[in-house]
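Engineer: prediction below, plus the sequence it came from.
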Amino acid sequence: MLQSLPLALSFGWIALIILAVVVVWFIGLYNGLVRLKNIAKEAWAQIDVQLKRRHDLIPNLVETAKGYMKHERETLEAVIQARNAAVAATEDPGQGPAQVAAAENMLTGVLRQFFALSEAYPDLKANTNMLQVQEELTSTENRIAFARQHYNDSVRRYNTKLEQIPTNIVKNFGDFPAMEFFEIEDPQAREAPKVSF
Amino acid sequence: MILIVGAMVFLMAVGAALGLSTDVTPWAGMAIALVLGIVLTLVAWNRGSSIVLSAVGAREIAKRDDPELVNVVEEMCIASNLPRPKIYLIDSAATNAFASGMKPEESVVAITRGLRERLSRDELQGVIAHELAHVGNYDTRVMVLMAVIVGSVAILSDWYLRTMRFSGRSRGKGGLIFLVVGILFAILAPLIALMIQFAVSRRREYLADATAAAMTRNPGALADALEKLADTRQRLETANRGTQHLFIVNPFRQRQKRSSAFATHPPLDDRIRRLRAIAGHYAQRAQ
């Protein structure tokens, strides 16, 4: 027995080392999942930030345009209404990504009509404040698009890791739900918004 | 990554070889090379990008100076999840841009007045995306590391060649053969290290192009921008050999047809072709 003791000891050491390596590896995978999940959550918050930015710009846009587009009251009102609906959708916790996306699309449609109309008012187009607001709105539309892109990229990375071996084993040890992409699933909302004046 | 590791190994090998052909053991040679590399890296790490900026004559841009430019940069920061860099405008009619910074939190992006005036919003966005890609990929760190390796190899070779002047000293083990090989190696080593450095630089340019394409989802715009940059005859007066690798297109060379081993940038035609290939790929998938 005394002769086999060193052998048993060395087996013990090897087992301990292997265990330590596995634990460290496991922790690495777990932390990786945490990181990816949080990046995706942050990305979602970023979309929210940009949507709010767009909501905040619109009153300024309407005010500037009012002085020039005196006969387009209905269009301007439609813009304000769509904007308020979008704000309500963002602030209501009961509304999920689909409803938020639908309200935002509605607003985009109305804005497009507004800008199409504003082409007929060269004075308005030349107004410096209008130019500034237009640049800010263009930038905001881009930011929303890039925020969505970043969010969807992050979600894809996260969801893929969740499905892959070995992280699909690690995920059971923590709270790692798969996340939704920011797309419109509701087929009705996919239709072009009909704005009637 | 392979190139960088290769360069490190090369540096160690140079240290070992020179150690072998003198009285110093190869292990000591490698250790000296490593220590030299680490010390030089630490020194380089602390030098800010302010030195580069003052060299090219740039001034910082705030939102009120140029809202469109700042917006374009901020949009790219959202797409890439990077913090907003400091934005500088270089007062030159040349069309060029560069990015610098050891980490994204302390990064800088600069463009020339010529570029700002000549490019459309989408093309500008492509260029900014390319520069942010350099920041996000930690390319400044990579190039500093490469410069340090090259510098270390040069120092070691130089030291070795100097000690060889004193005949009678350090004949070393293995006699004449080792001496000749050692001298040859000492002359060639800095050249080889330099070639590796240029190869790394070219690789990172391709990587930045590809990363920018992923960021903007509009590689055609960057390709268009590169075409506009290529057609420019104007040279950037204040760039020098030390800073040329930081720019999006080489501020010295005109459009080059073939790839050179000593070019910091790949040929523009090749970069444009690759970008348009990605664009074609996107178009196919959309159908």
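Structural biologist: That came through fine. Numbering: from 1, shown residues only, chains lettered A, B, ... in the order given.
Engineer: for the residue nearest to B:Ser201 when sequence neighbours are not counted, helix, strand, or coil?
Structural biologist: Using Cβ to Cβ, 6 or more residues apart in numbering or on different chains and skipping the chain neighbours, the partner closest in space to B:Ser201 is B:Thr264 (4.6 Å). In short, each C-beta sits where N, CA and C put it, glycine included. Judged by DSSP: H, G, I helix; E, B strand; the rest coil, the three-state class of B:Thr264 is coil.
Engineer: right, and B:Thr264 touches B:Arg203 too?
Structural biologist: No: the pair B:Thr264 / B:Arg203 is not scored as a contact, 11.0 Å apart, by Cβ atoms under 8 Å.
Engineer: so those two - more neighbours on which side?
Structural biologist: Set B:Thr264 next to B:Arg203 and count neighbours by other Cβ atoms under 10 Å in any protein chain shown: B:Thr264 wins out with 22 against 17.
Engineer: please see if stretch B:134-151 touches chain A.
Structural biologist: No: if you take Cβ under 8 Å from any Cβ of the partner chain as the test, stretch B:134-151 misses chain A, and the best it gets is 12.5 Å.
Engineer: what about residue 141, how many residues nearby?
Structural biologist: I went with chain A, as the question did not name one. Neighbour count of A:Glu141, defined by other Cβ under 10 Å: 15.
Engineer: my question was about chain B
Structural biologist: B:Arg141, neighbours per other Cβ under 10 Å, totals 15.
Engineer: phi first, then psi, for it.
Structural biologist: Here is the backbone geometry of B:Arg141 (degrees, to the nearest 10): phi -60, psi -40.
Engineer: against chain A, how distant is it?
Structural biologist: 21 Å (Cβ to the nearest Cβ, to the nearest Å).
Engineer: pull the contacting residues for that residue.
Structural biologist: B:Arg141 sits next to B:Met102, B:Lys103 when contact means Cβ atoms under 8 Å, 6 or more residues apart in numbering or on different chains.
Engineer: on the pLDDT front, check A:Glu34 for me.
Structural biologist: In this structure residue A:34 is Val, not Glu. A:Val34 is assigned 93 on the pLDDT scale.
Engineer: burial of residue 178, as a residue count?
Structural biologist: Just going to use chain A. Neighbours of A:Ala178 under the rule other Cβ under 10 Å: 10.
Engineer: actually chain B
Structural biologist: So B:Phe178, with other Cβ under 10 Å, has 17 neighbours.
Engineer: same check on the one 5 residues further on?
Structural biologist: By the criterion of other Cβ under 10 Å, B:Ile183 has 15 neighbours.
Engineer: quick one: secondary structure of it?
Structural biologist: Of the three states, B:Ile183 takes helix under three-state DSSP.
Engineer: my read is that it contacts B:Leu161, right?
Structural biologist: Yes: B:Ile183 is in contact with B:Leu161 according to Cβ under 8 Å; the separation is 6.9 Å.
Engineer: how about the residues of the stretch 151-287 of chain B by chain A?
Structural biologist: B:Arg217.
Engineer: over to the closest residue to chain A within the stretch 151-287 of chain B: give its phi and psi.
Structural biologist: For the stretch 151-287 of chain B, the residue closest to chain A is B:Arg217, as judged by Cβ to the nearest Cβ, at 6.7 Å. Phi and psi for B:Arg217, reported as degrees, to the nearest 10, are phi 60, psi 30.
Engineer: what score does it have for pLDDT?
Structural biologist: For B:Arg217, the predicted pLDDT is 90.
Engineer: dump the residue contacts of it.
Structural biologist: With Cβ under 8 Å, 6+ apart as the criterion, the residues that contact B:Arg217 are A:Gln149, B:Tyr282.
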